[in-house]
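# The following comprises the amino acid sequence and a computationally predicted model.
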Protein chains: 2
Amino acid sequence: MSDLTPLRTSTALLTDHYELTMLQATLKSGTAHRRSVFEVFGRRLPNGRRYGVVAGTGRVLEMLPRFRFGDAELSFLAETEVVDQDTLDWLADYRFRGAIRGYAEGEVYFPGSPLLVVESTFAEAVLLETLVLSALNYDTAVASAASRMSRAAGTRPCADMGSRRAHEEAAVAAARAAVIGGFTSTSNLEAGRRYRLRTMGTAAHSFTLVHDTEREAFAAQVEALGRDTVLLLDTYDVEEALTTAIEIAGPELGGVRLDSGDLAIQASEVRERLDALGATGTRITVTSDLDEYAIAGLQAAPVDSYGVGTRLVTGSGAPTASLVYKLTAREGSDGQWQSVEKLAVGKGSTGGFKQAARTFAGDVACEESIGVPKLPSELIGSRPLMVDLVVDGEVDEGYTGAEGVRRAQKRHSASMAELPRTAHRLQDGEPAIPTAYYPTG
Amino acid sequence: MSDLTPLRTSTALLTDHYELTMLQATLKSGTAHRRSVFEVFGRRLPNGRRYGVVAGTGRVLEMLPRFRFGDAELSFLAETEVVDQDTLDWLADYRFRGAIRGYAEGEVYFPGSPLLVVESTFAEAVLLETLVLSALNYDTAVASAASRMSRAAGTRPCADMGSRRAHEEAAVAAARAAVIGGFTSTSNLEAGRRYRLRTMGTAAHSFTLVHDTEREAFAAQVEALGRDTVLLLDTYDVEEALTTAIEIAGPELGGVRLDSGDLAIQASEVRERLDALGATGTRITVTSDLDEYAIAGLQAAPVDSYGVGTRLVTGSGAPTASLVYKLTAREGSDGQWQSVEKLAVGKGSTGGFKQAARTFAGDVACEESIGVPKLPSELIGSRPLMVDLVVDGEVDEGYTGAEGVRRAQKRHSASMAELPRTAHRLQDGEPAIPTAYYPTG
């Protein structure tokens, strides 16, 4: 039994059939080797949100070196005749040799922000479409929800407890994205192991039920885990459970958890009773279908921390960020760069190379500025938003692993602090700052 | 570079912190070794749906033998002091030795259906909570959505094209669940490899854009992939693209894809024009944010197949099935079995051993019958719903792998054919059949 992370396995088939058939067709027509620029962006923010949070970038970078076609992958493609022999030969030698730049993870973004730009040949870049979008779409959805929940919670910590409501590997990514968005811990052990996140937990109803009485359950938990543990109160009767809890643990009891009923009323009653029993330092954690609105509604209640599950890992109503990966520029038959864009109804794209910066009025961000292809000189002084993530196929490791997450979390706090106060509004509305394009070509 | 499936890696940390601390506390109190029964069920179907579709069971069985604590897992738990040395020693020897029975994958279910029942010691069974729920909650959400979409599509095939809108591993599970729910193919290559599903694809707008003209792109695609390929029409102007397509491929062109605009109107116009050009056999595939309602709305349009993305992999508004894993019975201190249930407001559970069967009036299912602990004799003749999946820790391989998926797909069709016609209604309402409990204890 070795390491859990499948680091040695290929990520190359985590992609769509058509990417390989397009590869075959362009290898034949000769366009496969045209220098190309693909861009990841969102046409809009979901559900009238004020901002989004970039996440998944570090995971893309971790998976990129493993995007290689080995024997297992090539055999499958040969047997099922997805592509021809020439294409298989090309794939056997494939590794990404291009450049990727984009928004660093944790940065906030707005409609049209060029979150990731992949510059390479058409063939090299088109193959990455699905893997890049899978990681960015899911992780960004979760980080964006987490950030709103964290802001709604103010100084009270939020913990991710949503693993059971998401695919088992998505759960690990969700824990990581939640921390980038401002959560302080996760229940997911593998996320703890892989990214050095703080893990935490309380106890389940089954723990109380497997003992003959609630009293025996609480005694067992305190005996094994110490007085600083968190006891779950609502298996039978909350008031009775609370009395039992303090009898067993004394007023030094670390915390109690409420998981059902009217949490605001219960938290007040429990706080009063804890204080009356001298347990003034015992913390109250609430869980049970929380989202940013429920958290905001509990801010007047005497709650110390929030455990968030379903709504976190499903993006609080927006389970995917709906980011797209579009060709925006390529070499023509004359070797010159050309901007390209599709015209499809309601799904147009803006062609060309791009640079992005956040422009300020005093200390407050006032515009997402996108230069096509370059920012105009009057925007010197704006904060540049795009960084080099991959150069000549080499990943900048500073954006990956535990260190990448830690930096992304800090970056997100700093980025939020620059936004106008409207960014913190939970109600539907316009993005906190407008996006402006500057054609300078 | 070897196999993509991380078959040799442990799944043991894909779980919640509290399962291990509960283990430690019960090892200390002695309740860890009480025989226990945990049950997976849903309190309700999401969004007024008429039925749900069980999925993920085969994946649980595939992951179960790898739920072992090796060096990497134990080191992490030791370093982070999640549990004490006694617990680590116990974990080092852990493997599941109990029994799992439940609804076979593909079966339909209703509120309260005991989808999976895990019988073992408390310690052995409590550890599986998160992994079991992660697989069942996500896969069931997708299969349930896929089934409604497939029914709405009638005899027209549906293809999964949603990989890019889900976590990269969730995308593989989604493709698998979609096929169980009635989809005929997927764009996801890894799902094709792992479960022998039929993969398919058309072309992206980037393919058209990388060529100097749409004509050159179409010519390259037909040259490489043959006349039977599917050309994407809406990069620039659909009518012009259609003329070009038939000029290049002739009336033998396999198909065309529409990905934007008013699909019903466009499909009619394209069909008329194709017929006028003699391309009467050329198929029309539509994509672009389809769900069961959009598909139902297109049934009068001359569409041949549907490609479904975002709404499929996000469960069409219900991205998790909200299934829970609850202790329902356990040995007491006297060695006798006792039913247990929690009373938490709005979140109660029904204790005890259970048997489930589908009861019929003539050929049509009329009730989900649940005996606690056994079905009453008057229900002899009802169709039993629970099968043995794991016996003495040994997985029944017939429910896993490609064969498991094939059987689940057939089972789902058969199960749907038994339901009353109300099951096919897309509007919100009551479950297609009621759930009845028969206490026989």
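Sure, I can see it.
# three-state assignment of residue A:371?
strand (DSSP: H, G, I helix; E, B strand; the rest coil).
# go on, residue A:422?
Residue A:422 - assigned by three-state DSSP - is helix.
# which SS state does residue A:357 fall under?
For residue A:357, the secondary-structure state derived from three-state DSSP is strand.
# which residues touch the host helix or strand of residue A:63?
Using DSSP states H and E, the element containing residue A:63 is helix A:57-63. With contact meaning C-beta atoms under 8 Å, 6 or more residues apart in numbering or on different chains, helix A:57-63 is reached by A:11, A:14, A:100, A:102-105, A:115-116, A:131-132, A:135-136, A:139, A:173, A:176, A:389-390, A:395-396, A:399-401, A:404-405, A:408, B:168. Glycine gets a C-beta too; all of them are placed from N, C-alpha and C.
# Identify the residues contacting the closest residue to chain B within the stretch 201-350 of chain A.
In the stretch 201-350 of chain A, the residue found nearest to chain B is residue A:201; the distance is 2.9 Å by C-beta to the nearest C-beta. Residues near residue A:201 by C-beta under 8 Å, 6+ apart: A:187, B:16, B:17, B:18, B:19, B:20, B:21.
# Show me which of those is closest to residue B:92.
Using C-beta to C-beta, residue B:20 comes nearest to residue B:92 of those, at 13.0 Å.
# Identify the residue spatially nearest to the closest one, adjacent ones excluded.
Leaving out its chain neighbours, the residue that sits closest to residue B:20 by C-beta to C-beta, 6 or more residues apart in numbering or on different chains is residue B:83, at 5.0 Å.
# and the one you found, what are its phi and psi?
The phi/psi pair for residue B:83 (degrees, to the nearest 10) reads phi -140, psi 170.
# if I read this right, it contacts residue B:26, doesn't it?
No: using C-beta atoms under 8 Å, residue B:83 is not in contact with residue B:26; the gap is 11.7 Å.
# if I look at the residue nearest to residue A:200 when sequence neighbours are not counted, how far off is residue A:305?
Sequence neighbours aside, residue A:185 is the residue nearest to residue A:200 in space, at 4.6 Å (criterion: C-beta to C-beta, 6+ apart). Distance from residue A:185 to residue A:305, counting by C-beta to C-beta, to the nearest Å: 9 Å.
# Any residue of the helix or strand harbouring residue A:223 touching chain B?
Element membership of residue A:223 [criterion: DSSP H and E] is helix A:214-225. Yes: using C-beta under 8 Å from any C-beta of the partner chain, helix A:214-225 comes into contact with chain B via A:216, A:219, A:220, A:221, A:223, A:224, A:225.
# Kindly indicate the member of those with the most neighbours.
For the residues of helix A:214-225 next to chain B, the largest number of neighbours (other C-beta atoms under 10 Å in any protein chain shown) sits with residue A:221, at 29 neighbours.
# pLDDT at it, what is it?
Note on residue A:221: pLDDT of 97.
# before we move on, back to that, hey, what's in contact with both of residue A:185 and residue A:305?
A:157, A:159.
# Looking only at neighbour counts, state which of these two leads.
Shown here are residue A:185 and residue A:305; by other C-beta under 10 Å, residue A:185 has more neighbours (23 against 20).
# Tell me the first helix or strand C-terminal of the helix or strand hosting residue A:72.
Assigned by DSSP H and E, residue A:72 belongs to helix A:71-79. Counting by DSSP H and E, the next helix or strand C-terminal to helix A:71-79 is helix A:85-92.
# which residues sit in contact with residue A:368?
So residue A:368 contacts A:109, A:110, A:112, A:113, A:356, A:358, A:359, A:433, A:434, A:435, A:436 (C-beta under 8 Å, 6+ apart).
# Could you do residue A:115 as well?
By C-beta under 8 Å, 6+ apart, the neighbours of residue A:115 are A:40, A:41, A:42, A:54, A:57, A:102, A:103, A:109, A:136, A:323.
# now do 7 Å
A:40, A:41, A:54, A:102, A:103, A:109, A:136, A:323 (C-beta atoms under 7 Å, 6 or more residues apart in numbering or on different chains).
# That'll do, ta.
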